[in-house]
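Participant: what follows is a predicted structure for the sequence shown.
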Amino acid sequence: MTTRLLGLLLALVALTGCGVRLDSPDPVPSSPDAAEVVRQREALRARQFAAVEPEGEHADLVAAVATHASAQLDALGGVWVAWPAGDGPTPTADATADVVIGPGAAGLLDSLTATTPDVAAAALAGGDPEIATLYAAIATARTVDADRLAVALGTPGAVTPLPGSLDTPDPAVARALDAAAYRLETLAAREQAADAAAEAERFVARAGEFRSLAEGIVAANGWLGTAADPREPYYPVTEDDAATLHRDLAVLLVAAVGDSDDRAGMLDAALSCALEASRRGQELGALPGLAS
């Protein structure tokens, strides 16, 4: 799914939910449906974040939030305006976001913390899988942005553990989790050889969580002991470090949110991997999991 295609789809939602009624001579916009209300809310918030000036301490992190928000606004299809040319029958006030961003990095962090749960909830709500994946990508990017600001400001960052299980019919998710477990165990062996026992232990523990998730997916879908089992006995050893491994897994998990039978678990897993990747120095971008 390309960003352009998704923008067109969302524009169609806007036209059907809030557009001008073409079957009547009365040029009054029809009332938006529930999906359009959420999309417009998120577009207005994205526009607000995109307008933040990167000044003062941590200006680079603030600028990253603004850049990400601009891309997210485009993907959302922009802010819907009833009379973009200003030629409506009556004057209409410009729509504004329902969030006021306080000064500096701390004010931006407060606003991200307050609004990100809403876009995450939109990803979990029933509806079009592509729209759900878009919201999941925005929620993931905003969570990472907020975490980076929190760390820079010396405040506690986000805590998102991996779920205990995942419900998905996608064999690619099970295979990716199993491959990540295998490669983390390989990295653990390297760290152990380099006398980095604490890091090795972390890798082994994380590998165990990934493998358990993969096994649960395989068992739940009845693939265990059949040719449909997507797991391999071993995987090619790569030069990827733990940061890259977690980033790639986060991207795959975000992309799988929309079609999952367990969107909440899939998003939690994506957020956990994204935060781990970010804290190890990897960039997730504005829309992780969406094809450009």
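Facilitator: On my side now, so go ahead. Residues are numbered from 1 along each chain as shown.

Participant: what about the stretch 151-292 of the chain, any weak spots by pLDDT?
Facilitator: Confidence mapping of the stretch 151-292 of the chain against pLDDT under 70 gives the ranges 292.

Participant: so where do the helices sit in it?
Facilitator: 171-193, 197-220, 242-256, 263-279 (DSSP state H, counting those that start in this stretch).

Participant: out of those, flag the one nearest A120.
Facilitator: helix 263-279 (6.4 Å; Cβ to Cβ). Backbone N, C-alpha and C define where each C-beta goes, glycine included.

Participant: please parse this protein into its domains.
Facilitator: 3-153, 171-279 (automatic domain parsing).

Participant: so which of those domains is nearest T160?
Facilitator: It is, among the domains of the chain and with distance given as Cβ to Cβ, domain 171-279, at 4.3 Å.

Participant: so how far does the closest one reach from one end to the other?
Facilitator: Terminal residues of domain 171-279 are spaced 28 Å apart (Cα to Cα, to the nearest Å).

Participant: could you do stretch 117-131 as well?
Facilitator: 16 Å.

Participant: for that stretch, buried residues please.
Facilitator: Neighbour-count burial for stretch 117-131, counted by 16 or more other Cβ atoms under 10 Å, picks out 118-120, 122-124, 131.

Participant: can you list the domains of the chain in a markdown table and add distance to L287?
Facilitator: A markdown table is the format used below for the domains of the chain (distance: least, Cβ to Cβ, whole Å):
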| stretch | distance to L287 |
| --- | --- |
| domain 3-153 | 4 |
| domain 171-279 | 9 |
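
Participant: which one of those lies closest to L162?
Facilitator: Per Cβ to Cβ, nearest to L162 of these: domain 171-279, 4.9 Å.

Participant: for the domains of the chain, which one sits closest to P161?
Facilitator: For the domains of the chain, proximity to P161 was assessed by Cβ to Cβ; domain 171-279 is nearest, at 6.2 Å.

Participant: surely E55 meets L61?
Facilitator: No. With contacts defined as Cβ atoms under 8 Å, E55 does not count as touching L61, sitting 11.9 Å away.

Participant: looking at the two, which one has more neighbours?
Facilitator: Neighbours were counted for E55 and for L61 using other Cβ atoms under 10 Å; L61 has more, 19 against 12.

Participant: measure the residue nearest to T116 when sequence neighbours are not counted to L134 for me?
Facilitator: Nearest residue to T116, sequence neighbours excluded (Cβ to Cβ, 6 or more residues apart in numbering): R142, at 4.4 Å. Distance of R142 to L134, computed by Cβ to Cβ, to the nearest Å: 13 Å.

Participant: who has more neighbours, the two?
Facilitator: Using other Cβ under 10 Å, the more surrounded residue of R142 and L134 is L134, with 32 against 26.

Participant: report the secondary structure state of the more buried one.
Facilitator: Classification of L134 using DSSP: H, G, I helix; E, B strand; the rest coil returns helix.

Participant: please enumerate the strands of the stretch 51-200 of the chain.
Facilitator: Ranges of strands in the stretch 51-200 of the chain, per DSSP state E, counting those that start in this stretch: none exist.

Participant: contacting residues around A274?
Facilitator: The contact partners of A274, by Cβ atoms under 8 Å, 6 or more residues apart in numbering, come to 140, 143-144, 246-247, 250, 254, 284, 288.

Participant: now with 7 Å?
Facilitator: 140, 143-144, 250, 284, 288 (Cβ atoms under 7 Å, 6 or more residues apart in numbering).

Participant: nearest residue to it other than its sequence neighbours?
Facilitator: The nearest residue in space to A274 (Cβ to Cβ, 6+ apart) is A250, at 4.0 Å.

Participant: so what's the residue count around that neighbour?
Facilitator: Neighbours of A250 (other Cβ under 10 Å): 26.

Participant: could you do G102 as well?
Facilitator: G102 has 12 nearby residues by other Cβ under 10 Å.

Participant: quick check: phi and psi on it?
Facilitator: Torsion angles at G102 (phi, psi; degrees, to the nearest 10) stand at phi -70, psi 170.
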